[in-house]
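A.B. asks: Based on what follows, work out the 3D shape:
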Amino acid sequence: MQGKTILGHPTGLFVLFFTEMWERFSFYGMRAILVLYLTAETTKDNPGLGWTSKEALALYGWYTMMVYFMGIFGGYIADNWLGQKKTVLLGGIFIIFGQFSLAIEGSTTFYAGLILLVSGVGLLKPNISTMVGSLYKTGDSRRDSGFTIFYIGINIGAVLAPLIVGFYGPEVNWYLGFSLAGFGMILGQLVYVFGKNHLKGVGDLLKHSEENKHLLDKPLTKIEKDRMVVMFISFLIVMFFWAAYEQAGGLMNLYARDKIDRVVFGWEIPTAFFQSLHAIYVVILGAPMAYFWVKWRDSGKEASSVFKMGVGSIIMSLGFVALMGAAYELSEGALEKAPVYWLFLSYFLHVVAELSLSPVALSFITKLAPLKYAGLMMGTYFAVVGLGNKAAGLLGEAAQDAGEMAIFTGIAVTSLGLGLLVLLFLKKLNSLAHGAEDVNPKVAFVEPE
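C.D. replies: Predicted structure coming up:
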């Protein structure tokens, strides 16, 4: 008998959808105002810390790297001690305390808040994604679209956060902004706790499952080792992608503030509002792109995860070509600030690239990773995302000396080269996956009673 579903997907997907939506509200609210808070003048009515742009970008890079790097430990804790379900709950609690710690003035509470946030996201982020994969059996064709739906949830939170936190933080009070992000995480925890009945048997500690105990001591097979190779290559693609993408919170944030004409129809768009553009585009384009890839696959064309990652890298390069256009117009000297349409175009292309790569990569990891290492491998994936974030910070720092045009050009060329390289070796990479993405039309989800 077919279990309960919503839009053809397990109900548990939507419990995780709303939990992650509010966690991302918390994260992107913090992300939208952190650099702005650090660099704001100390003499204003709503004083910041008065750091230089270079100092702020350095901390931003370390913070975003460690947030994701802690996923390795979060995955290990889930695999060996708590299971994904309990680890996600613990991570949410850490995030709540972290946000409210930032809302208390003082350097001690500021750094304590950052540490709590890093720990909380490290516990929650990889394990909630692993739980999404656990909702689908091997061969279920709905897994990729399920991750896209989950990804839309992430980005609804990312849309709301810069609009709400990004307004109240800079315009009213920074500490109120941090508090609002904390209240968002409280809502996420409530959804998770009250929706636990739809997650029975999902995210439990593997060691406690009698039928799975034998997996923990069994060595990896040749197929599993080959799949691990593909997985680690995909990690490299992901790292380079996020090094480019995460310019949004650092270099592109400052570029929008200082060098983009943000006045539209007589209204100046607040800088932090641009942090919502990515997420708005994801919410609008997520379902159409998922539909496109399903139709593309059904027509018999190449639609493997590795292929999509290569395409995503190439499209990312085009987004930075748009930013090169903005930098070129400024270099000509005819304009004091570049037209805002370059920024809108760049963000649009970045999101098309993101939807071709990021939710696909999340789904791909759950297909390739050996069951006993599921949490650890997802944690490693997010650690790689963290390395990309740190690289993004370093590139942002370099732009303070080398100039934006040099950085935008370098990222565009590197992303294009990486994408072409992936497509060149596509056949070999797909063979190493050993049919991990093969679809079994007989597989159906049955929700536990």
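A.B. asks: and the most centrally placed residue in the chain, backbone torsions?
C.D. replies: The structure's the chain has its C-alpha centroid closest to Ser358; by C-alpha atoms, centre = their mean the separation is 7.3 Å. Backbone torsions of Ser358, given as degrees, to the nearest 10, read phi -70, psi -60.
A.B. asks: Skipping adjacent residues, who's closest to it in space?
C.D. replies: Excluding its sequence neighbours, the residue lying closest to Ser358 (C-beta to C-beta, 6 or more residues apart in numbering) is Tyr151, at 6.8 Å. C-beta here means a position set from N, CA and C on the backbone, and glycine is covered the same way.
A.B. asks: Equivalent analysis for Leu49, please.
C.D. replies: Leu38 is the one closest to Leu49 (C-beta to C-beta, 6+ apart), at 5.1 Å.
A.B. asks: distance of the one you found from Gly166?
C.D. replies: From Leu38 across to Gly166, the span is 15 Å (C-beta to C-beta, to the nearest Å).
A.B. asks: Going by how many neighbours each has, rank the two and give me the top one.
C.D. replies: Counted by other C-beta atoms under 10 Å, Leu38 and Gly166 do not tie: Gly166 has more neighbours, with 25 against 20.
A.B. asks: what sits against the more buried one?
C.D. replies: 29, 32-33, 177, 270, 272-273, 275-276 (C-beta atoms under 8 Å, 6 or more residues apart in numbering).
A.B. asks: so what pLDDT did it get?
C.D. replies: Each residue has a pLDDT score; the one for Gly166 is 85.
A.B. asks: Give me the below-cutoff pLDDT ranges for the stretch 1-150 of the chain.
C.D. replies: 1-3 (pLDDT under 70).
A.B. asks: ranges for the strands of it?
C.D. replies: 5-6, 9-10 (DSSP state E, counting those that start in this stretch).
A.B. asks: Could you identify which of those strands is most buried?
C.D. replies: strand 9-10 (a mean of 22; mean count of other C-beta atoms under 10 Å).
A.B. asks: who does it touch, helix- and strand-wise?
C.D. replies: For strand 9-10, the elements it packs on are helix 143-171, judged by 3 or more C-beta pairs under 8 Å, 6 or more residues apart in numbering; DSSP states H and E.
A.B. asks: The same query, at a cut-off of 6 Å, please.
C.D. replies: In terms of contacts (3 or more C-beta pairs under 6 Å, 6 or more residues apart in numbering; DSSP states H and E), strand 9-10 is not packed against any helix or strand.
A.B. asks: The residue of the chain most remote from its centre: what's it in contact with?
C.D. replies: Counting by C-alpha atoms, centre = their mean, the extreme residue of the chain relative to its mean C-alpha position is Ala334, 37.6 Å from that point. By C-beta atoms under 6 Å, 6 or more residues apart in numbering, the contact set of Ala334 is empty.
A.B. asks: Please report the distance of it from Gly403.
C.D. replies: Distance of Ala334 to Gly403, given as C-beta to C-beta: 18 Å.
A.B. asks: returning to what we had before: including neighbour count, could the contacts of Gly166 go into JSON lines?
C.D. replies: Formatted as JSON lines, the contacts of Gly166 follow (neighbours: other C-beta atoms under 10 Å):
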{"residue": "Gly29", "neighbour count": "33"}
{"residue": "Ala32", "neighbour count": "32"}
{"residue": "Ile33", "neighbour count": "28"}
{"residue": "Gly177", "neighbour count": "30"}
{"residue": "Pro270", "neighbour count": "19"}
{"residue": "Ala272", "neighbour count": "26"}
{"residue": "Phe273", "neighbour count": "15"}
{"residue": "Gln275", "neighbour count": "28"}
{"residue": "Ser276", "neighbour count": "22"}
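A.B. asks: in the stretch 201-350 of the chain, which spans are helices?
C.D. replies: In the stretch 201-350 of the chain, the helices defined using DSSP state H, counting those that start in this stretch lie at 222-245, 251-259, 277-298, 305-331, 341-368.
A.B. asks: now for the third one, which elements pack on it?
C.D. replies: Judged by 3+ C-beta pairs under 6 Å, 6+ apart, the packing partners of helix 277-298 are helix 143-171, helix 341-368.
A.B. asks: Kind regards, and thank you for your time.
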